[in-house]
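> Fold the following and give me the result.
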Amino acid sequence: MRQLSRRTGRAWIAMTTMFLAWGGYASAAVPADASAPPSAQSEAAILVEQHTGNVLYVKHGDERLYPASITKIATAIIALEQSSMSDIATVSKTARGEEGTRVYLAEGERVTMEKLLYGMMLNSGNDAATAIAEQIDGTKDKFAERMNAFMRDTIGAYDSNFVNPSGLPDPNQYTTASDMAMLARYAMDNETFRQIVSTRKLPWSGLEWTSTLENHNKMLTDYPGATGIKNGYTIAAGNTLVGSAERDGMSLIGVVLKAGSKNIAYADMAAMLDYGFANFGVRMLFAEGERYKLQDEAGDAREWIADKAIWGVYPKNASPVLKVDMSGQVVLESERGTFFAGELSPVKKEVAISAFSGQAEAEGMQAENTAAESSKSPIPVYALGAGVLLAASAAAMARRRARRARYPFMRPYDRD
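As a prediction, the model looks like this:
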């Protein structure tokens, strides 16, 4: 599994929401005193910061809705992890006969996994999605079982159910904006996936069709800094869109579900991204391998290390303070709220405490950080009382343990 310690399943949404509530945030998970958040017209929408998963805006984030072709995000990342780009798939009669958007694969045609992935993600080829599923698991049904296990056990997303790899309408195919945001965060960590979904055009030559594929995701051409990822449409689902963009070192991911039109979907996405970039910033709080020490009133010391870089989100025009509790959880606090940043891991006992320097005090406790702190960021560092984040920590740990243990449709087609 890739970088799953950063993702605590549903906990990363729940914990963020809880912290924002403590900081006086509105129900839409945005600061009440910041510039007005967007008012999404889509049925459900969410905006998250990619490094941390902090929710910057949400509307009906847990409402179950049809995904349409954004289903293919799951199909693509699973394919990248379960196969090689050079693998050859033989197109079946089932794949050849898929309805909706296609890349017009011929029955018996032999196609590389790489070509299928580009055909699926750029041109939203339902035939390519089925060919991928059959190559990996033999049938669409078996692949759907893999998709659902992947969403639960790897992503930590419990409100999604897939019965096909393409997003073609089915009463039992559904997801939520929150689940899709978690999936998109995971997928966008994969370099090959990012390369595919950021590709605007690609020549296509098959047995039955020769063309130039143009990415259906218009964010790539219309929104400055856009980096991906996938759009979708069915009559039952309406317009769906997962978008990502990067500016000034901050990466944002947005999801909109059941938009009334394509224009509404893109307008909602642009408004959310604009809001995020205008009102929030991100910075590295701990470099990978950086160490930290806490000492309580009784003199008991605990040492921590960052297994990977930990980033923090903060409202602009605020004075954020970095705080660490005795369980190793890291947050950024400011007058505009508290944002969960990540978790430090305990250092083995044989590592000497005296190896660390630097000290700060707060709430009757002492915190020591590496010398890199002062040169890396002007954010003050404090220690939190051991019980402040106890409930959130327990919830996150429970989710990780659980993850480790393993509406009617109107028309049978999907056109982006």
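
> Going by C-alpha atoms from here, please, whenever you check contacts or count neighbours.
Will do.

> ok, and the closest non-adjacent residue to the most centrally placed residue in the chain?
For the chain, the residue nearest the mean C-alpha position is R185 (2.1 Å; CA atoms, centre = their mean). Among residues not flanking R185 along the chain, Q50 sits closest, at 5.8 Å (CA to CA, 6 or more residues apart in numbering).

> Can you report how many residues lie near the one you found?
24 (other CA atoms under 10 Å).

> same thing with A68?
For A68, using other CA under 10 Å, the count is 32.

> Tell me the backbone dihedrals of it, please.
Note on A68: its backbone torsions stand at phi 60, psi -140 [degrees, to the nearest 10].

> Tell me who's in contact with it.
Shown in contact with A68 (CA atoms under 8 Å, 6 or more residues apart in numbering): S166, G167, L168, P169, G232, Y233, T234, A237, N239, T240, D414.

> Out of those residues, which one has the lowest pLDDT?
Minimum pLDDT for the contacts of A68 is recorded at D414 (40).

> isn't V324 right up against V331?
Yes: with contact defined as CA atoms under 8 Å, V324 and V331 form a contacting pair (6.5 Å).

> Looking only at neighbour counts, state which of those two leads.
V331 (28 against 25).

> Please name the bridge partners of the more buried one.
On the basis of DSSP bridges, V331 is bridged to K323, F340.

> do you know how far it is from S198?
32 Å (CA to CA, to the nearest Å).

> about what we covered before: state the phi and psi torsions of the residue nearest to R185.
phi -70, psi -40.

> just R194 next, same as before
phi -60, psi -40.

> List the residues that contact it.
Contacts of R194 (CA under 8 Å, 6+ apart): A187, M188, T227, G228, I229.

> per-residue pLDDT, it?
At R194, pLDDT is 99.

> for this structure, which helix is longest?
helix 262-279 (DSSP state H).

> Would you mind listing the buried residues in it?
Within helix 262-279, the residues scored as buried using 16 or more other CA atoms under 10 Å are 262, 264-270, 272-277, 279.

> For that helix, name the packing helices and strands.
In terms of contacts (3 or more CA pairs under 8 Å, 6 or more residues apart in numbering; DSSP states H and E), helix 262-279 is packed against strand 44-49, strand 238-247, strand 250-259.

> Touching the shortest one from outside, list them.
The set of residues external to strand 44-49 that reach it, using CA under 8 Å, 6+ apart, is 54-61, 63, 176-178, 181, 250-258, 272-273, 276, 313.

> and that strand with helix 262-279, angle?
30 degrees (axes from the mean of the first three to the mean of the last three CA atoms, to 10 degrees).

> distance of A271 from T240?
Applying CA to CA to A271 and T240 gives a distance of 15 Å.

> Which of the contacts of R194 fall within strands?
T227, G228, I229 (DSSP state E).

> residues touching the first one, list them.
For T227, the contacting residues are R194, V197, S198, L220, G243, S244, A245, E246, by CA under 8 Å, 6+ apart.

> At which residues are the helices of the chain located?
Counting by DSSP H, the helices of the chain are 10-22, 72-82, 93-96, 113-122, 126-137, 140-149, 177-187, 191-197, 219-222, 262-279, 372-376, 390-404.

> Can I get the fourth one in PDB, CA atoms only?
What follows is the C-alpha trace of helix 113-122 in PDB, where atoms were taken according to Å, rounded to 0.1, in the frame of the first residue of the first chain:
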ATOM      1  CA  MET A 113      -2.700  -1.800 -20.800                       C
ATOM      2  CA  GLU A 114      -1.100   1.600 -21.300                       C
ATOM      3  CA  LYS A 115      -3.200   2.200 -24.500                       C
ATOM      4  CA  LEU A 116      -6.400   1.000 -22.700                       C
ATOM      5  CA  LEU A 117      -5.800   3.400 -19.800                       C
ATOM      6  CA  TYR A 118      -5.300   6.400 -22.000                       C
ATOM      7  CA  GLY A 119      -8.400   5.400 -24.000                       C
ATOM      8  CA  MET A 120     -10.400   5.000 -20.900                       C
ATOM      9  CA  MET A 121      -9.300   8.200 -19.100                       C
ATOM     10  CA  LEU A 122      -9.100  10.600 -22.000                       C
END
